[in-house]
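[1] Okay, structure incoming, though there's no sequence with it:
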């Protein structure tokens, strides 16, 4: 089994950006110009190779990160095209965790957009070097200098333009290569596959010279010899400038910036050159570190075929024929199909049936996997996203992935009994695929609740259940789990006396029913002095009282925090029984719950919104309009943090509202806090249902 590409000639990169910046369109051009595809697939036609899911083709957006491989300048480039929508941010997170470099695509008109900030922070978190590509230079309003300035201001990045656009909007013709001092023009007849290098137009020569001067000056910061030649005014070679910029990029101190128009087939080949020239190979990144399960010692693995095998499962995909495809990033060692490995965390041995090289949803069998590869494995069972697969004799547990908590939930139920088992199994498979998707059962209503990152996320899940898994289900929003409470103490008597000729029924109880402490639940006390009720019947009375508070008299919701004291009772030697006293207690409790001034309680959520300063007023006003109580406002890293307590019933649809009012730049978390009395207007509408 021989390696086909040297480690230093492998590039594992991700294409990341805000939604609609042109990530998938750029990837399609890359596949065309590298010879992987014989024709260009367009997103708007639903024909993009990387958007292979039905839901992606219908909506024209990327939902799931898709992997592919191509060749450029004798280098193998493994590409992951990631989603731009915030609902699928987990796909970006887990991709960046295993990639060595990234291409950040920006819209020439919009510049740095909200989700661009999110993915940039994710890349910072994992220390991923990146190059920037300002796309859509042919669009009305495209402004390259403004986009570069936004990258500098918003991210504090040292953005260095390697190119300048020739024209803009309708008159965008090509780009000036500042390193080689040439103008590049693409031929429309070849769909951009052919381009020529020419002299820089006279009108742009002075601007280009100034920009090149700044470029060389920035590069000289990372090469002493280049700095010396620059200060002496001597000629500097193109290779020395590229080498210096590469060092700066790998050190996360430089972000090379290119421009073009992927849709108009201009600027993609130089972007591929930049990927090869500036982004790291597996040997350029630090060794991966992990924990040895046996003693907890920290161990590291180099990107080397001779090291013990270690790989991280970063994605699972359900497959009709193979069960699950486990996407692996191989950090060290080699592996052959049919070999047995270890799940580092669980200690369970695993046999890999086959290794596959993925091209979106198409696959190609490969003999094995090497350090630096991104492959899919068939045959791994019982693994989850974030698990480590390693050599049996050299166990290691790599750092797992962090998954964001779901922010929105809806209820789902099968339409028929036959769909019940199918729904359960399908949800289990989807939850295994997508760690940001959770399934639970509401203890109050018994509903199956599915939770995710947003309404679109759950809409896609629901669509997949129907189309892919053939499950018929009703989807709605969950009912709020209201409760009831009593507000005063009452003393009541319950009598169940029935005589029908033979043995009768006789049971009389006197109860004191009072509001309990918040969170105390149901509390029962036997305060009878003497033997008015035999001890054998006390447990039946307690059980009946406990069952009675499960359904209140106001609107049928459970009654929270009730204290019941058994004061007295009467018993008949022949006619009394457990049933008699159970019924008597139920009668007494029903009477008490009616007379004790019941009120409706609603769940209140603790909400925290992190928003830029300029949107604080809008967010605060919106929370107030939702019957929210602002508990505090603090600063956190330049952002405003608003904490509030808000009724759960008012928070449905909030995920869309907060994005809308803050242009997607705010985020929020929400968790249950406590139950509180609902306003009379709310209670009246609930009771009237």
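    All right, it came through fine. Treat the numbers as computed from the prediction; the structure is a model and nothing was measured.
[2] who does the longest strand anywhere in the chain touch, helix- and strand-wise?
    Across the chain, the longest stretch assigned as strand under DSSP state E is strand 599-611. When contacts are defined as 3 or more CB pairs under 8 Å, 6 or more residues apart in numbering; DSSP states H and E, strand 599-611 packs onto strand 483-485, helix 616-625, strand 639-647, helix 654-662, strand 667-677, helix 680-687. (C-beta placed from N, C-alpha, C; glycine too.)
[3] What's the separation between residue 319 and residue 377?
    As judged by CB to CB, to the nearest Å, residue 319 and residue 377 stand 12 Å apart.
[4] With neighbour numbers in mind, choose between these two.
    Per other CB atoms under 10 Å, whichever of residue 319 and residue 377 has more neighbours is residue 377, with 27 against 13.
[5] in its sheet, what does the host helix or strand of the more buried one sit against?
    Assigned by DSSP states H and E, residue 377 belongs to strand 374-378. In the sheet, strand 374-378 lines up against strand 323-332 (antiparallel), strand 354-359 (antiparallel) (DSSP bridges).
[6] So what touches the last one?
    Residues external to strand 354-359 that are found in contact with it (CB atoms under 8 Å, 6 or more residues apart in numbering): 36, 49, 66-69, 325, 327, 335, 337, 363-369, 374-379.
[7] Could you look up the next helix or strand downstream of that strand?
    With elements assigned by DSSP H and E, the helix or strand that comes after strand 354-359 is strand 362-366.
[8] After that following strand, which helix or strand is next?
    Per DSSP H and E, the first helix or strand lying C-terminal to strand 362-366 is strand 368-370.
[9] could you say what helices and strands that next one packs with?
    Packing partners of strand 368-370 (3+ CB pairs under 8 Å, 6+ apart): strand 323-332, strand 334-336.
[10] Return the most buried member of the ones you listed.
    Stretch with highest mean neighbour count among the helices and strands packed on strand 368-370: strand 323-332 (a mean of 24; mean count of other CB atoms under 10 Å).
[11] tilt between it and strand 362-366?
    Angle of strand 323-332 versus strand 362-366, following axes from the mean of the first three to the mean of the last three CA atoms, to 10 degrees, is 50 degrees.
[12] any idea how far strand 323-332 is from the chain center?
    Between the mean C-alpha location of strand 323-332 and the chain-wide mean there is a distance of 20 Å, by CA atoms, centre = their mean, to the nearest Å.
[13] Stretch 354-366 too?
    On CA atoms, centre = their mean, the centre of stretch 354-366 falls 25 Å from the chain's centre.
[14] now the end-to-end length of it.
    Start-to-end span of stretch 354-366 (CA to CA, to the nearest Å) is 8 Å.
[15] Quick one: mean pLDDT for that stretch?
    Regarding stretch 354-366, the rounded mean pLDDT is 83.
[16] try stretch 673-689
    Mean predicted lDDT for stretch 673-689 stands at 85.
[17] Spatially central residue for this structure, please.
    Most central in the chain under CA atoms, centre = their mean is residue 90, positioned 3.0 Å from the mean C-alpha point.
[18] check contacts around that residue.
    Neighbouring residues of residue 90 by CB under 8 Å, 6+ apart: 403-404, 434-436, 453.
[19] what kind of secondary structure is it in?
    helix (DSSP: H, G, I helix; E, B strand; the rest coil).
[20] next structured bit after the lowest-mean-pLDDT helix or strand in the chain?
    Ranked by mean pLDDT, DSSP states H and E, the weakest helix or strand in the chain is helix 54-59, scoring a mean of 50. Scanning forward in sequence from helix 54-59 by DSSP H and E, the next helix or strand is strand 66-72.
[21] Paired strands for that following strand, with orientation please.
    Partners of strand 66-72 in its sheet, by DSSP bridges: strand 75-81 (antiparallel).
[22] Averaged pLDDT, the partner strand. What do you get?
    Mean predicted lDDT for strand 75-81 stands at 88.
[23] Give me the buried subset of the contacts of strand 354-359.
    Buried subset of these (neighbour count, 16 or more other CB atoms under 10 Å): 36, 49, 66-69, 325, 327, 335, 337, 363, 366, 368-369, 374-379.
[24] In contact with the residue nearest to residue 675 when sequence neighbours are not counted, which residues?
    Leaving aside its chain neighbours, residue 675 sits nearest to residue 601 (4.2 Å; criterion: CB to CB, 6 or more residues apart in numbering). Neighbouring residues of residue 601 by CB under 8 Å, 6+ apart: 482-485, 560, 675-678.
[25] which one of the residues you listed is nearest residue 202?
    residue 676 (73.7 Å; CB to CB).
[26] a strand runs through residue 592, doesn't it?
    No. Under three-state DSSP, residue 592 falls outside any strand and is assigned helix.
[27] Report the separation between it and residue 540.
    Counting by CB to CB, the gap from residue 592 to residue 540 is 18 Å.
[28] Show me which of those two is the more surrounded one.
    Shown here are residue 592 and residue 540; by other CB under 10 Å, residue 592 has more neighbours (26 against 20).
[29] Quick check: closest non-adjacent residue to that one.
    Excluding the flanking residues, the one nearest residue 592 by CB to CB, 6+ apart is residue 513, at 3.8 Å.
[30] Quick one: neighbours of residue 525, just the number.
    Neighbour count of residue 525, defined by other CB under 10 Å: 12.
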